[in-house]
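Asker: what follows is a predicted protein model with its sequence.
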Amino acid sequence: MSNEGRMATVTFRGFFDDGTVFIDQTAQPVEFPCIDGWMPPAFVNAVRGMVPGETRTVRVGADEAYEERTPDRLLSIPLEDVPQQVRLAVGEIATLERPDGSAYPARLVEVGETQAVFDLNHDAVCKALNFEIALLSVRDLPDRMRFETPFGTCGELEQDRSEDGNAHPLG
């Protein structure tokens, strides 16, 4: 039985080919609709064919990973705006703060005479990724579901309960 169009609960660990872990969700399960677009395609394809209790390792090629590196995610900050007690070391990750108080990581890539340049691109951008996925459970999606993410409401997913009783995304 396929998990396509169902809500999957998984734990997973993401790591690069050299073994460096870039995300560890093994202590905190993640729930997502098992449909294209919610996770990298190889991740979703693996979960589609799994049964609860099963663990699989999949590789996501750099060509289908999360996103592309972009120069739009480089941020220059005047050195006069950097607190004096902050040590700036090129290559290190710094925690930058938005006006609303939320924080986000950025790698310092350059320090000039008047500016510090931070790269906001995630380290996983444009790299092959490996995921060790454990499927904990699957359940049917409600007829209408609203998805909240750390970035706000992602939208509503309406389901069509066809004659076979299975949920199918409308679109």
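Answerer: Looks like it came in fine.
Asker: which one's the longest strand in this protein?
Answerer: The longest strand of the chain (DSSP state E) is strand 129-140.
Asker: tell me how far the closest residue to residue 54 other than its chain neighbours lies from residue 33.
Answerer: With sequence-adjacent residues excluded and distances taken as C-beta to C-beta, 6 or more residues apart in numbering, residue 54 is closest to residue 135, at 5.5 Å. Using the backbone N, CA and C atoms, a C-beta is placed for each residue, glycine as well. Residue 135 sits at a distance of 14 Å from residue 33 (criterion: C-beta to C-beta, to the nearest Å).
Asker: mutual contacts of these two, please.
Answerer: Common neighbours of residue 135 and residue 33, using C-beta atoms under 8 Å, 6 or more residues apart in numbering, are residue 8.
Asker: low-confidence bits of the chain, can you list those?
Answerer: Low-confidence segments of the chain (pLDDT under 70): 63-69, 121-126, 143-171.
Asker: would you map the helices across it?
Answerer: 41-48 (DSSP state H).
Asker: quick one: the strands in it?
Answerer: 6-15, 21-24, 30-33, 55-60, 74-78, 93-97, 103-111, 115-119, 129-140, 144-149, 152-161, 167-169.
Asker: can I get the ones you listed in JSON lines including mean neighbour count?
Answerer: Formatted as JSON lines, these follow (neighbours: other C-beta atoms under 10 Å):
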{"stretch": "strand 6-15", "mean neighbour count": "20"}
{"stretch": "strand 21-24", "mean neighbour count": "13"}
{"stretch": "strand 30-33", "mean neighbour count": "16"}
{"stretch": "strand 55-60", "mean neighbour count": "15"}
{"stretch": "strand 74-78", "mean neighbour count": "13"}
{"stretch": "strand 93-97", "mean neighbour count": "12"}
{"stretch": "strand 103-111", "mean neighbour count": "14"}
{"stretch": "strand 115-119", "mean neighbour count": "18"}
{"stretch": "strand 129-140", "mean neighbour count": "18"}
{"stretch": "strand 144-149", "mean neighbour count": "10"}
{"stretch": "strand 152-161", "mean neighbour count": "12"}
{"stretch": "strand 167-169", "mean neighbour count": "18"}
